[in-house]
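S.K.: I'll drop the sequence and a predicted model, then ask my questions.
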Amino acid sequence: MLWLSLSLLAGVAHPDSLSHTRIVVAGARATVELRCEALSLIEFRPELDRSRDGLLDADELAAGRAELEAYLQAGLRLARPTPGGAEPLPGRLLAAVAQDPAELGAFELQRVELSLEYVAPAPLESLVVEARLFLESNPWHKDFCTLVWNDDAPVAHAFSGSERAWRFDPAHVRRPGVFAGFTRLGIEHILGTPSEPLAGRDHLAFLLALLVAARGLATLVGVVTAFTAAHSVTLAAAALGWVDVPSRFVELAIALSIAYVACDNLLRRAARNPWLEAFGFGLLHGLGFAGFLADALAGENLVVTALVGFNLGVEVGQLAFVLACTLLVALLFRAHRRRVRAGEADGLVPRTARTAVSAVVALAGFYWFFERAGWLPT
């Protein structure tokens, strides 16, 4: 313990100052188990260590209990969020137990277990945790917090640096907002935003190539359904960590899938039912969606809710695009539809339109491939 005594006499905060906090919320009651290093308490209040041995015992903790309780209540605040801010919860120290020095190994720091209780006037719906313990003597102190909300799965959070306040909203409170937010993200990933229109232009180009190849509206419905089912499967599998495919390979393969379908259209004289291409390549496009979603899911524990919302948003964006294209086809090619009904032509669009659109989509697919491969000058 010589080095402990020297560091205390020199007034130097010990390195790697750590504490662990476990908060368990049950209705209106929150219990806290705080495990910290005895040295952190001694650095804050040297007078607690009356024996000057760098250790704390039951008598020393009992003698400083009132001051210790006041410090814990000020440095570890739990509050109930309100429209105007946050309402602090009254707390009290239940117990303070120091680790037996006989259990310490060489160079091991003694730990102290502190138990606190906070009670709200009504069952808690959300919680704000503010941890500022031991910063006066050690501004680099870190606290690793685990919160258990009414038997939900534990949620971890680290307090370090200047970030000392954390608002926790349980799953049932956050779920509607997470769902709505990721649904919007899915729509924007396909249709884009005012600053970036048609963000999902590669996926839309693929759909456009399938649309002009379709025999009619019934065929188009089947194609869109096949594409939706396929990319939903791989999106879920990749987002949940069941499959992992390098993103570079996926992006290159998506570009080639666009070029392939468009070139297939150019080589065929008649319209067709391309549901097999829609399903097969849809599996690939789902991996592309998952690659984008991975960054958005970082730190989000409501993964399934976010996944369902994002997938719904992607479908809304795709359907909006397909409906707009279908309406445009109906307006532009009325004469062609009459010829189809008379058995004089086939396809959702005339062959000339199918050829022109497919040529443009094929060029776009090859361009994206060469661009993503890094073969084009920057």
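M.R.: Now that the structure is in, tell me what you want to look at. Residues are numbered from 1 along each chain as shown.
S.K.: C-alpha only now, for contacts and for neighbours.
M.R.: OK.
S.K.: what's the residue nearest the centre of the chain in contact with, if anything?
M.R.: The centre of the chain sits closest to residue 297, judged by C-alpha atoms, centre = their mean, with a distance of 2.2 Å. With contacts defined as C-alpha atoms under 8 Å, 6 or more residues apart in numbering, the neighbours of residue 297 are 303, 306.
S.K.: I'd like to know how far it sits from residue 307.
M.R.: Relative to residue 307, residue 297 is positioned 9 Å away (C-alpha to C-alpha, to the nearest Å).
S.K.: what do you get for residue 280?
M.R.: Spatial separation of residue 280 from residue 307 under the definition C-alpha to C-alpha is 21 Å.
S.K.: also residue 288?
M.R.: Using C-alpha to C-alpha, which is the criterion applied here, residue 288 is 14 Å from residue 307.
S.K.: please apply the same query to residue 150.
M.R.: The gap separating residue 150 from residue 307 is 24 Å, by C-alpha to C-alpha.
S.K.: can you pull the poorly scored residue ranges out of this protein?
M.R.: Low-confidence segments of the chain (pLDDT under 70): 1-16, 378.
S.K.: redo that, cut-off 50
M.R.: Within the chain, the set of residues satisfying pLDDT under 50 comprises 1-11.
S.K.: now find how far off-centre stretch 250-270 is within its chain.
M.R.: 33 Å (C-alpha atoms, centre = their mean, to the nearest Å).
S.K.: CA atoms of that stretch as PDB?
M.R.: What follows is stretch 250-270 as a C-alpha-only set of coordinates in PDB (Å, rounded to 0.1, in the frame of the first residue of the first chain):
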ATOM      1  CA  VAL A 250     -22.800  -6.600 -53.100                       C
ATOM      2  CA  GLU A 251     -22.600  -3.100 -54.600                       C
ATOM      3  CA  LEU A 252     -20.800  -4.400 -57.700                       C
ATOM      4  CA  ALA A 253     -23.200  -7.300 -58.100                       C
ATOM      5  CA  ILE A 254     -26.200  -5.000 -57.800                       C
ATOM      6  CA  ALA A 255     -24.900  -2.800 -60.600                       C
ATOM      7  CA  LEU A 256     -24.400  -5.900 -62.800                       C
ATOM      8  CA  SER A 257     -27.900  -7.200 -62.000                       C
ATOM      9  CA  ILE A 258     -29.300  -3.900 -63.300                       C
ATOM     10  CA  ALA A 259     -27.300  -4.200 -66.500                       C
ATOM     11  CA  TYR A 260     -28.200  -7.900 -66.900                       C
ATOM     12  CA  VAL A 261     -32.000  -7.400 -66.800                       C
ATOM     13  CA  ALA A 262     -31.800  -4.400 -69.100                       C
ATOM     14  CA  CYS A 263     -29.700  -6.300 -71.600                       C
ATOM     15  CA  ASP A 264     -32.000  -9.300 -71.400                       C
ATOM     16  CA  ASN A 265     -34.900  -6.900 -72.400                       C
ATOM     17  CA  LEU A 266     -32.900  -5.700 -75.400                       C
ATOM     18  CA  LEU A 267     -32.200  -9.300 -76.600                       C
ATOM     19  CA  ARG A 268     -35.900 -10.400 -76.400                       C
ATOM     20  CA  ARG A 269     -38.500  -9.400 -78.900                       C
ATOM     21  CA  ALA A 270     -41.500 -10.100 -76.800                       C
END
